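Colleague: With the sequence up front, the predicted model follows.
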Amino acid sequence: MENSTIHWRTRRNRRFADLLMTERDAVSLEDVRRVAELAQLELTSEEETRMQRDLSAILGYVQQLNELDTAEVEPLAQISELLHGAEPENGSLRADEVRASLERSRVMASAPVADESYFKVPKVIER
Amino acid sequence: MAMITTENLFTDPVVGALRAGERKATALLHESLDAIEARNGAVNAYLSVARDSARERAAEIDAMSAGERVHLRLAGLPCGIKDVLAVDGMTATASSKILTGYQPPYTATAVQKLMDAGAVMVGKLNCDEFAMGSSNENSAYGVVRNPYAEDCVPGGSSGGSAAAVAAGMAPVTLGTDTGGSIRQPAAFCGVVGVLPTFGRVSRYGLIAFASSLDRVGPLAGNVRDAAEVLGVIAGHDVMDATSSTAPVPDYMADLDKGVKGMRLGVPAEYFGEGLDAEVRQAVEETIERLKAEGAEVKPISLPHTRYAVPAYYVIATAEASANLARFDGVRYGFRAPEADTLAQMYRKTRDLGFGAEVKRRILLGTYVLSAGYYDAYYKKAQQVRRLLAQDFVNAFAEVDAIVTPTTPTPAFRIGEKSDDPLAMYLADIYTVTANLAGICGASVPCGVSKDGLPIGIQILGRHFDEATVLRVGQAVEGLARSV
């Protein structure tokens, strides 16, 4: 039983790996470095290699979405629109009234470095 | 701990007995704390245990008069809380190093509702880091082990929540489910796990992973206790604009009415290649017995099912990459030392603070949202999401609920998939669709493999029709109890 699962998985992976090579170049190390920079992540060179391998495999697998013709399909960003009918008009809007917020001292106490009213970070502007 | 068998798949309900004063809160808490003492060292379900405050609260509940207690729907119920939910006075780490020692200054609405109903907070439960994983191997605070086979995973990401219930460390826990994270560990650990409809339970105070998919829900040793807890945590919350104002029905009202005359859909796509033979047999036998109870079983098709996992991993990681941008070492948790510039501080903090799977998902999400790839991946996945949601709309025009296996296999071994992210993602193959479509569901134990591992059946229901899902679940439980 476990064997059949593994067998099935490997066969599918190979198929998508083939698709990957024909339809789109695999993710390059440059791509990994570019998105790491966008995401403010610093990766070691081992991490870069591993992520290149994993992202290529996962995005290769994702390629199967292209089997579907979605030219006429509206994207669905979240499902609230499908819940209409169960929701009263403007049901998600709250009354606009003054309410207490969290106590500042308790919020600041969570910060790694702060004084009473500011979060402290390394100097941003050079004199 | 006793082996799980088809005879002891469920525990006896405790919520009603506590409310009626037939069970003592202090005694029940004592049982949970004893189980923690005996097994948490090996199972690693709890990250922190609030022994003193829990004992104090349980004693208060026991000291109440019957008249006072009857108004507390969950009077004295010991509850464990997944560590992605904020509880004032307890740390909240999301099982990540980046939130080491974080003390949230507020309490999640779902937890507050439990406490207001008289529940006793036992502690915070281990999970995959930021709820990202299907095995609970991605925690910065160590793997959780399956109480029925300690060399196996408990499932994830709510692995601690499921393992705690299975090992008797709490009769009820809260978990969260973004792609199966309540149902899959519930199946692996032989407990009941409920995925409420999107908007049914407030997410205020939940450390967000993927906001269009995340849900908060209960895990319990039986359907009745899970239904009791869902009734308490459900409902609109002004602090969560995505929470629904739809009225919350009484989930107990029709719970025992059975499945006679109910139309149950069985989707062929969930019984195909890759389904373990023992899981198939247990689920098919359960469906046969529901039929014998008078349910009308109908073959149905959810034709886009095979596209759910790829669509899910694009959408979930895209949303995660945005949600996890807030962890920058400025406002909470961990900050990397020795950074001279702000940019360096961000990068070193995130590099040292996040584990490999979280980084992988942030990178993937950033990639699919980046210029030149957005239409090919993110927009495409959203279009496929509509097709998947439409599959369910079509199906629910013909049936009242859908029954499937929860997972393709019973619990797998620790380490078996941890080096192959794609293999790990396929563990969610039957569960991610419900999150993408916004519908509700549950996993209920329905059998045991020859290796002694639990097997779960998944029940899926229409938007806001948890009552039907729970009713089918209760019927499954009744069948198992009558074996």
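Modeller: Nice, thanks for sending it over. Residues are numbered from 1 along each chain as shown, chains lettered A, B, ... in the order given.

Colleague: Let me see the contact set for the spatially most central residue of chain A.
Modeller: Residue closest to the average C-alpha location in chain A (CA atoms, centre = their mean): A:Ala39, at 10.0 Å. Neighbouring residues of A:Ala39 by CB atoms under 8 Å, 6 or more residues apart in numbering or on different chains: B:321, B:325, B:350, B:362-363, B:366. Where you see a C-beta, it was placed from the backbone N, CA and C, and this is true even at glycine.

Colleague: which residue ranges form the helices in chain A?
Modeller: A:2-23, A:29-38, A:45-62, A:104-109 (DSSP state H).

Colleague: Assess the claim that A:Leu68 and B:Leu387 are in contact.
Modeller: Yes: with contact defined as CB atoms under 8 Å, A:Leu68 and B:Leu387 form a contacting pair (6.9 Å).

Colleague: shared neighbours of the two, which are they?
Modeller: Taking CB under 8 Å, 6+ apart as the criterion, A:Leu68 and B:Leu387 both touch B:304, B:307.

Colleague: which bits of the stretch 351-483 of chain B sit near chain A?
Modeller: The stretch 351-483 of chain B comes close to chain A at residues B:351, B:354, B:356, B:359-360, B:362-364, B:366-367, B:370, B:377, B:379-387, B:389, B:393, B:408-409, B:412, B:421-423, B:425-426, B:437-438, B:463-464, as judged by CB under 8 Å from any CB of the partner chain.

Colleague: Please indicate which of those residues are buried?
Modeller: Buried by 16 or more other CB atoms under 10 Å in any protein chain shown: B:351, B:354, B:359-360, B:362-364, B:366-367, B:370, B:377, B:379-387, B:389, B:408-409, B:412, B:421-423, B:425-426, B:437-438, B:463-464, out of these.

Colleague: so where's chain A shaky on pLDDT?
Modeller: Applying pLDDT under 70 to chain A flags residues A:1-25, A:84-93, A:127.

Colleague: Name the nearest residue to B:Arg481, ignoring sequence neighbours.
Modeller: Spatial nearest neighbour of B:Arg481, excluding adjacent residues (CB to CB, 6 or more residues apart in numbering or on different chains): B:Phe10 at 6.4 Å.

Colleague: What of B:Thr305?
Modeller: B:Glu269 (3.9 Å).

Colleague: A helix includes that neighbour, no?
Modeller: Yes: under DSSP: H, G, I helix; E, B strand; the rest coil, B:Glu269 falls within a helix.

Colleague: Can you get me a residue count around it?
Modeller: B:Glu269: 18 surrounding residues under other CB atoms under 10 Å in any protein chain shown.

Colleague: What pLDDT does the model give it?
Modeller: On the pLDDT scale, B:Glu269 is placed at 97.

Colleague: got it, and the one 4 residues further on?
Modeller: According to the model's per-residue confidence, B:Glu273 sits at a pLDDT of 89.

Colleague: measure it to B:Arg306 for me?
Modeller: The gap separating B:Glu273 from B:Arg306 is 10 Å, by CB to CB, to the nearest Å.

Colleague: And B:Met132, by the same measure?
Modeller: Counting by CB to CB - B:Met132 and B:Arg306 are separated by 23 Å.

Colleague: between those two, which one's more packed in?
Modeller: The neighbour count for B:Met132 versus B:Arg306, taken as other CB under 10 Å, is higher for B:Met132 (29 against 14).

Colleague: quick one, what contacts B:Gly258?
Modeller: Here B:Gly258 is in contact with B:293-294, B:471, B:475, B:478 (CB under 8 Å, 6+ apart).

Colleague: wait, A:Leu65
Modeller: Contacts of A:Leu65 by CB under 8 Å, 6+ apart are B:307, B:310-311, B:314, B:380-381, B:384.

Colleague: before we move on, what SS does B:His463 have?
Modeller: Assignment for B:His463 (three-state DSSP): coil.

Colleague: can you pull the contacts of B:Asp254?
Modeller: B:467, B:471.

Colleague: Three-state assignment for it, please.
Modeller: coil.

Colleague: Distance of it relative to B:Thr197?
Modeller: From B:Asp254 to B:Thr197 the distance is 17 Å (CB to CB).

Colleague: and if you look at B:Val309?
Modeller: From B:Val309 across to B:Thr197, the span is 21 Å (CB to CB).

Colleague: for B:Arg203, same thing?
Modeller: To B:Thr197, B:Arg203 is 13 Å away according to CB to CB.

Colleague: next one: B:Val122
Modeller: From B:Val122 to B:Thr197 the distance is 27 Å (CB to CB).

Colleague: Those two: which is more packed in?
Modeller: Neighbours were counted for B:Val122 and for B:Thr197 using other CB under 10 Å; B:Val122 has more, 30 against 26.

Colleague: does any part of stretch B:192-199 sit near chain A?
Modeller: Yes: Stretch B:192-199 lies within reach of chain A by CB under 8 Å from any CB, at B:197-199.

Colleague: In CSV, list the C-alpha atoms belonging to that stretch.
Modeller: Taking Å, rounded to 0.1, in the frame of the first residue of the first chain, the C-alpha atoms of stretch B:192-199 are listed here in CSV:
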residue,chain,number,x,y,z
VAL,B,192,-12.6,14.2,15.9
GLY,B,193,-11.6,17.5,14.1
VAL,B,194,-13.9,20.1,12.8
LEU,B,195,-13.3,22.6,10.0
PRO,B,196,-15.9,25.4,10.3
THR,B,197,-17.1,27.3,7.3
PHE,B,198,-14.9,30.3,6.3
GLY,B,199,-16.2,33.2,8.5
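
Colleague: nearest residue to B:Gly355 other than its sequence neighbours?
Modeller: B:Glu129 (4.9 Å).

Colleague: Confirm for me that that neighbour is in contact with B:Gly142.
Modeller: No: using CB under 8 Å, B:Glu129 is not in contact with B:Gly142, being 11.5 Å away.

Colleague: Show me which of these two is the more surrounded one.
Modeller: B:Glu129 (31 against 12).

Colleague: Tell me the confidence at B:Gln474?
Modeller: Looking at B:Gln474, the pLDDT reads 98.

Colleague: hang on, it packs against B:Val223?
Modeller: Yes: contact criterion CB under 8 Å: B:Gln474 and B:Val223 qualify, at 4.6 Å.

Colleague: So the residue nearest to the centre of chain A versus B:Arg326, what's the distance?
Modeller: Going from A:Ala39 to B:Arg326 by CB to CB gives 13 Å.

Colleague: which residues of the stretch 201-350 of chain B score low on pLDDT?
Modeller: For the stretch 201-350 of chain B (pLDDT under 70), the answer is none.

Colleague: residues touching the residue of chain B most remote from its centre, list them.
Modeller: Within chain B, the residue lying farthest from the chain centre (CA atoms, centre = their mean) is B:Asp340, at 41.2 Å. By CB under 8 Å, 6+ apart, the residues touching B:Asp340 are A:Pro122.
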